[in-house]
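Asks: Dropping a prediction and its sequence here:
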Amino acid sequence: MRKNSSLPSTEESDLSGFQLFKKLNNEEYARLDYEKECSLYKKGTIVYKEGNRLTGFFCVTRGIFKIYKTGIDGKEQIIRFAKKGNIIAYRSLVSRELACTTAKVIDDAVLCHVPYQTLLYLIRSNWQFSLHMLQIVCQELREANSYITDIAQKSVRERLAEVLLILKNNFDLDNQNTLKISLTREELANIVGTATESVIRLLSEFKQDKLIELQGRRIKIIDIRGLQKVANI
């Protein structure tokens, strides 16, 4: 796990804004605050890999991470993205299994590492914290089930349109209606579950249909309703 030697700001080390920790009492939060370790991570850094033994979970206070699995042929399958306010690596930690995914920084970031023993203390001492973590697990399971259904029932064209809409909802648009997350064509293909060439061709078709505009890696959303129609939502 390679990280920047400089330290994040006080604001970027503050976990009080995380919904997961809202129900902690002063003593519980003080222990969390004391035992966490926050670090800067540069773009391209691998935080943890599939098969790693995890020592804690992570809270994202800045930046974007892609969470993915690697297939037999070495190809990535992106499971989800994590941004400010999200937590990662907690499911494998709770189940005491080796990490089942890899986390990679795609935009310079800050992570706060919370040790396993701290997590156990919070689970045992605060049922509201435990319930909220369970709700997060259920939400991710629901999203995974939806993704599996899409892979089985929707065409690649429909899935790509839906992915663009999901990215819009998760990361929003700037004042030029451009997605605030910048992904390579290969990364888009790894989300959709298809070949890079197919994504390149379909993006060109979406551009011709005046659904989007392309500015290098940046994608400008022009017709949201049109994308919803293509995605069959």
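Replies: It's in. Numbers count the residues shown, from 1 in each chain.
Asks: Centre of the chain to stretch 208-220, how far?
Replies: Here the centre of stretch 208-220 is set off from its chain's centre by 23 Å, with CA atoms, centre = their mean, to the nearest Å.
Asks: Now that stretch - C-alpha only, CSV.
Replies: What follows is the C-alpha trace of stretch 208-220 in CSV, where atoms were taken according to Å, rounded to 0.1, in the frame of the first residue of the first chain:
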residue,chain,number,x,y,z
GLN,A,208,-24.3,11.2,-33.7
ASP,A,209,-27.7,10.8,-32.0
LYS,A,210,-27.0,14.0,-30.1
LEU,A,211,-27.3,12.3,-26.7
ILE,A,212,-23.7,13.2,-25.6
GLU,A,213,-20.6,15.2,-26.7
LEU,A,214,-17.1,13.8,-26.4
GLN,A,215,-14.2,16.0,-25.2
GLY,A,216,-11.3,13.5,-24.8
ARG,A,217,-12.1,11.4,-21.8
ARG,A,218,-14.8,13.9,-20.7
ILE,A,219,-18.4,13.1,-21.6
LYS,A,220,-21.0,15.9,-21.8
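Asks: Going along the chain, name the helices of this protein.
Replies: Assignment of helices within the chain using DSSP state H yields the ranges 26-35, 90-95, 116-125, 127-153, 156-171, 185-192, 196-208, 224-231.
Asks: Highest mean neighbour count out of the ones you listed?
Replies: helix 185-192 (a mean of 21; mean count of other CB atoms under 10 Å). Where you see a C-beta, it was placed from the backbone N, CA and C, and this is true even at glycine.
Asks: How many residues are close by the closest residue to Gly85 other than its chain neighbours?
Replies: Distance criterion CB to CB, 6 or more residues apart in numbering; nearest residue to Gly85, sequence neighbours excluded, is Phe18 at 6.3 Å. Look at Phe18: counted by other CB atoms under 10 Å, it has 19 neighbours.
Asks: thinking Phe18 is in contact with Val60, fair?
Replies: No: the pair Phe18 and Val60 does not pass the contact test of CB atoms under 8 Å, sitting 9.4 Å apart.
Asks: Take the helices of the chain and lay them out in TSV including mean pLDDT and distance to Leu7.
Replies: Supplementary listing: these in TSV, determined by pLDDT from 0 to 100; distance: least, CB to CB, whole Å:
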stretch	mean pLDDT	distance to Leu7
helix 26-35	97	15
helix 90-95	89	24
helix 116-125	96	20
helix 127-153	86	27
helix 156-171	94	26
helix 185-192	94	30
helix 196-208	97	38
helix 224-231	96	41
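Asks: Show me the domain layout of the protein.
Replies: When the chain is parsed into structural domains using automatic domain parsing, the resulting residue ranges are 11-151, 154-231.
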